[in-house]
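K.L.:
Any chance you could fold what I've pasted below:
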Amino acid sequence: MSIIADDNDFKNTTIREKKNPVTKPEILEPDKNFENTIRPKTFDTYIGQSALKDTLKITIEAAKKRELPLDHLLFYGPPGLGKTTLAGVIAQEMGVDIKITSAPALERPRDIIGILMSLQGGEILFIDEIHRLNKVAEEILYPAMEDFYLDMTTGKSQTVKTLRVPLPKFTLIGATTKAGELSGPLRDRFGIIHRLEFYTHDELSQVIKRTAEILNIEIDSDGAYAIAKRSRGTPRIANRLIKRVSDYALVKYNGKINSKIANESLDTLQIDNFGLDTTDRNLLKLIIEKYDGGPVGIETIAAALGEDVRTLEDVCEPFLLQAGLLQRTPRGRKVSPAGYRHLGLNIQAEMSQQSLF
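P.N.:
Residues are numbered from 1 along each chain as shown. All right, here's what the predicted structure looks like:
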């Protein structure tokens with residue numbers, strides 16, 4: 001695709017990008033916050049996703065021996081599993097800088113052109129929520145990813161000139177929670193595509209103990225495991241809960257977290273033994289009590305709960321489906337027998353024999 005822009009626009013974009021470069025993760029302003037303080041920087045400190053790590057280690061070692069950038073990578077999976085963190089780890093292991101942006105921030109052609117023109121050889125460009133990239137920006141990426149060129153036209157009327165601007169070889173890492181919404185041509189240009197999996201309780205216990213050590217929080221193994229069981233298989237949630245439990249332990253007890261204190265704290269936060277919060281339980285109860293267990297459409301559920309459809313699809317549903325408490329059918333959402341049991345409700349014997357359809 002050729003992008004039409006006058007010379008001044010192109011120059012201004014380049015100048016603006018140089019004045020306000022996309023910085024490395026180590027010096028980004030958000031690094032001062034809690035989440036970035038505890039982000040692992042290497043594979044040795046990155047817990048979980050063992051199969052993916054093994055694959056990436058081999059790929060990175062091969063790229064180093066060939067003295068070439070990595071193939072473009074696409075990571076997909078539910079939010080909070082470490083896609084952004086993993087991109088930073090890859091940059092660290094490759095010994096290159098990483099520039100981080102998100103698809104909604106790339107609204108105009110010159111936004112994506114500017115960031116591509118600012119890249120140095122071997123650098124990594126990380127685009128979060130890449131499924132939300134607009135069509136124009138996506139088509140600009142095609143020749144950039146495949147041939148490392150930008151196809152552009154400058155000038156007006158009879159002075160129009162076609163330019164094929166070379167780019168240094170770089171690696172694009174895309175992250176998305178909805179791989180199915182990526183267009184086929186964009187998805188096919190990624191050489192490595194991986195899904196990040198939910199974490200086990202043991203893996204989350206390791207995450208929690210590592211976070212506690214960084215934040216100088218005293219916690220024993222039983223306390224870490226108690227929090228891990230209620231973290232929905234997600235490190236981001238585990239790291240958030242350790243802070244809340246730590247606050248509770250500091251105010252109510254001596255600050256040290258054990259299993260009893262962790263469970264007591266999480267009960268106070270209304271997070272049950274399965275990791276479900278009030279919204280999750282309300283969703284299941286609504287389907288059971290108002291719609292006879294389903295099936296019912298997601299829009300109807302969202303309206304009845306007063307929640308946004310995307311919130312339910314991106315935040316609530318992934319874990320409920322993974323845990324087998326909710327079923328997605330062609331006719332809508334349906335509570336499974338396991339969902340009934342979890343809520344302590346009775347279910348007719350014949351319901352367990354019903355077809356999903």
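K.L.:
which phi and psi does residue 172 have?
P.N.:
When quoted as degrees, to the nearest 10, the phi and psi of residue 172 stand at phi -100, psi 130.
K.L.:
Quickly list what it is bridged to.
P.N.:
Assessed by DSSP bridges, residue 172 has beta-bridge partners residue 125.
K.L.:
what's near enough to touch it?
P.N.:
72, 73, 124, 125, 126, 127, 141, 145, 190 (C-beta atoms under 8 Å, 6 or more residues apart in numbering). The C-beta positions use only the backbone N, C-alpha and C, and glycine is treated the same way.
K.L.:
contacts for stretch 96-106?
P.N.:
With C-beta under 8 Å, 6+ apart as the contact definition, stretch 96-106 has outside contacts at 21-25, 28, 69, 84, 87-88, 90-91, 111-112, 115, 118-120, 122-134, 137.
K.L.:
now with 7 Å?
P.N.:
Identification of contacts with stretch 96-106 by C-beta atoms under 7 Å, 6 or more residues apart in numbering yields 22, 24-25, 87-88, 91, 111-112, 115, 119, 122-130, 132-133, 137.
K.L.:
cool, stretch 299-318 as well?
P.N.:
Against stretch 299-318 from outside (C-beta under 7 Å, 6+ apart): 78-79, 177, 279-280, 282-283, 286-287, 290, 298, 326, 333.
K.L.:
Just the buried ones from those residues?
P.N.:
Applying 16 or more other C-beta atoms under 10 Å to the contacts of stretch 299-318, the neighbour count classes 78, 177, 280, 282, 283, 286, 287, 326, 333 as buried.
K.L.:
If I follow the layout properly, the first one ends up in contact with residue 177?
P.N.:
Looking back up the chat, that one is residue 78. Yes - counting by C-beta atoms under 7 Å, residue 78 does reach residue 177; the two are 6.2 Å apart.
K.L.:
For this structure, which helix or strand comes out least confident on mean pLDDT?
P.N.:
Using mean pLDDT, DSSP states H and E, the weakest-scoring helix or strand in the chain turns out to be helix 7-19, at a mean of 41.
K.L.:
In the stretch 201-350 of the chain, where is pLDDT below threshold?
P.N.:
For the stretch 201-350 of the chain, applying pLDDT under 70 flags the ranges 347-350.
K.L.:
Which parts of the stretch 251-357 of the chain are helices?
P.N.:
Taking DSSP state H, counting those that start in this stretch as the criterion, the stretch 251-357 of the chain carries its helices at 259-268, 278-291, 298-305, 309-311, 317-322, 337-342.
K.L.:
next one: the fifth one to chain centre, how far?
P.N.:
Going by C-alpha atoms, centre = their mean, to the nearest Å, the spacing between the C-alpha centre of helix 317-322 and its chain's C-alpha centre is 15 Å.
K.L.:
List the buried residues in that helix.
P.N.:
Those buried within helix 317-322 under the rule 16+ other C-beta under 10 Å are 317, 318, 319, 320.
K.L.:
I'd like the distance between the third one and residue 169.
P.N.:
If I follow you right, that is residue 319. 39 Å (C-beta to C-beta, to the nearest Å).
K.L.:
Now do the helices in the stretch 51-200 of the chain.
P.N.:
Assigned by DSSP H, counting those that start in this stretch, the helices in the stretch 51-200 of the chain fall at 83-94, 109-117, 135-146, 184-188.
K.L.:
Need the residues that contact the first one.
P.N.:
Spelled out, it's helix 83-94. Residues from elsewhere that reach helix 83-94 (C-beta under 7 Å, 6+ apart): 25, 39-43, 46, 56, 60, 70, 75, 77, 97-98, 124, 126, 128, 173, 175, 196.
K.L.:
before we move on, the earlier item: now mean pLDDT and distance to residue 224 too, for the helices of the stretch 51-200 of the chain, in TSV please.
P.N.:
As requested, those are arranged in TSV below (pLDDT from 0 to 100; distance: least, C-beta to C-beta, whole Å):
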stretch	mean pLDDT	distance to residue 224
helix 83-94	92	20
helix 109-117	86	40
helix 135-146	87	42
helix 184-188	89	38
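K.L.:
Where does the record place the domain boundaries for this protein?
P.N.:
Structurally, the chain divides into domains by automatic domain parsing as follows: 3-195, 201-268, 278-353.
K.L.:
what's the span of stretch 252-271 from first residue to last?
P.N.:
18 Å (C-alpha to C-alpha, to the nearest Å).
K.L.:
Please enumerate residues in contact with that stretch?
P.N.:
Stretch 252-271 has contacts (C-beta under 7 Å, 6+ apart) with 217-220, 222-223, 226-227, 230, 241, 244-246, 248-249, 277-278.
K.L.:
Touching, residue 70 and residue 173? I think so.
P.N.:
No - counting by C-beta under 7 Å, residue 70 sits too far from residue 173 to count as a contact (8.5 Å).
K.L.:
Just name the most buried of the domains of the chain.
P.N.:
For the domains of the chain, the largest average neighbour count (mean count of other C-beta atoms under 10 Å) is found in domain 201-268, namely a mean of 20.
K.L.:
the strands in the chain, which residues?
P.N.:
Here the chain has its strands, by DSSP state E, at 3-4, 73-76, 98-102, 124-128, 149-154, 161-166, 171-176, 192-195, 326-329, 332-335.
K.L.:
At the geometric centre of the protein, which residue sits there?
P.N.:
By C-alpha atoms, centre = their mean, the chain has its centre lying nearest to residue 79, at 3.9 Å.
K.L.:
Retrieve the pLDDT associated with that one.
P.N.:
pLDDT, residue 79: 87.
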